[in-house]
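**Student:** sequence unavailable; structure follows:
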């Protein structure tokens, strides 16, 4: 006879005490049936992130996270963005019906509207259990994809010219950039270059605009990314993905992402996702 499945360790997060009490009552039958194990609750996103992170570092990580969206400190989406892998399965529970698309983009298992109906909750629990059963095979496929991605990145890195060898004289590095406009070129100092990315075959420069509120503007240029990288000072600029390089001085936050990657939050609100291998290099380079 097969062993009974281990109850899924469950945490729920809501800033409203009455909402937490109601969800506790609704989840109790699943706890009594041995399907869930309620390990805690949190009243805001900051506490939730702390609880999940500490559980991940222990031998008993959180399996399921029931998460409100609108909360003080960090909202539900901000919590999910900051969760380091392996993340728990996330079920958003909210009184608002206009955030579902965002929820599923955040890889949520389900999106429940308050007040939660018993039948819908049962469907959600069944979905969570099904995904938990398949987790081992999913993790194996993800590991295979990561290995292939690492191999491709390694091959690409070997094929690319080393910018340190291409431009070894400091005088060769760009000090300013020419941004093409309709009838003129705008000259900006290179320190305002936040990032450069290749999108749909076009190289885009993201320039920090001058003004009270920091923001970035996008400028399309004809230079290939490799040629641009070779003219930028490697002490200040780094290729963080085969299609993106960033100005290290403009990194404001590094958010842990899936499979050992980092999402870089840059000046002016711009974001770049670093590849897995270059996330490790970036972390070492910044002495994190």
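**Tutor:** That came through, no problem. For clarity, every value in this text was computed on a predicted model and none was experimentally measured. Numbering: from 1, shown residues only.

**Student:** contacting residues around the residue nearest to residue 267 when sequence neighbours are not counted?
**Tutor:** Using CB to CB, 6 or more residues apart in numbering and skipping the chain neighbours, the partner closest in space to residue 267 is residue 250 (4.1 Å). Every residue, glycine included, has its C-beta placed from N, CA and C. Neighbouring residues of residue 250 by CB atoms under 8 Å, 6 or more residues apart in numbering: 194-195, 208, 266-268.

**Student:** measure residue 250 to residue 185 for me?
**Tutor:** In this view, residue 250 and residue 185 are 23 Å apart by CB to CB, to the nearest Å.

**Student:** report all helices and strands that the strand or helix carrying residue 204 contacts.
**Tutor:** If you go by DSSP states H and E, residue 204 is part of strand 202-208. Here strand 202-208 touches strand 176-180, strand 193-199, strand 216-221, going by 3 or more CB pairs under 8 Å, 6 or more residues apart in numbering; DSSP states H and E.

**Student:** who's in contact with the shortest one?
**Tutor:** When you say that, I think you mean strand 176-180. So strand 176-180 is contacted by 185-190, 193, 205, 207, 219-221 (CB under 8 Å, 6+ apart).

**Student:** tell me which strands it pairs with, and in which orientation.
**Tutor:** Strand pairing for strand 176-180, using DSSP bridges, gives strand 185-189 (antiparallel).

**Student:** returning to that earlier point: ok, of the contacts of strand 176-180, which one's closest to residue 174?
**Tutor:** residue 190 (5.0 Å; CB to CB).

**Student:** without its sequence neighbours, what residue ends up closest to the closest one?
**Tutor:** Using CB to CB, 6+ apart, the nearest residue to residue 190 is residue 174, at 5.0 Å.

**Student:** same check on residue 192?
**Tutor:** Counting by CB to CB, 6+ apart, the nearest residue to residue 192 once its immediate chain neighbours are dropped is residue 208, at 4.7 Å.

**Student:** touching, that neighbour and residue 267? I think so.
**Tutor:** Yes - between residue 208 and residue 267 there is a contact under CB atoms under 8 Å: 5.4 Å.
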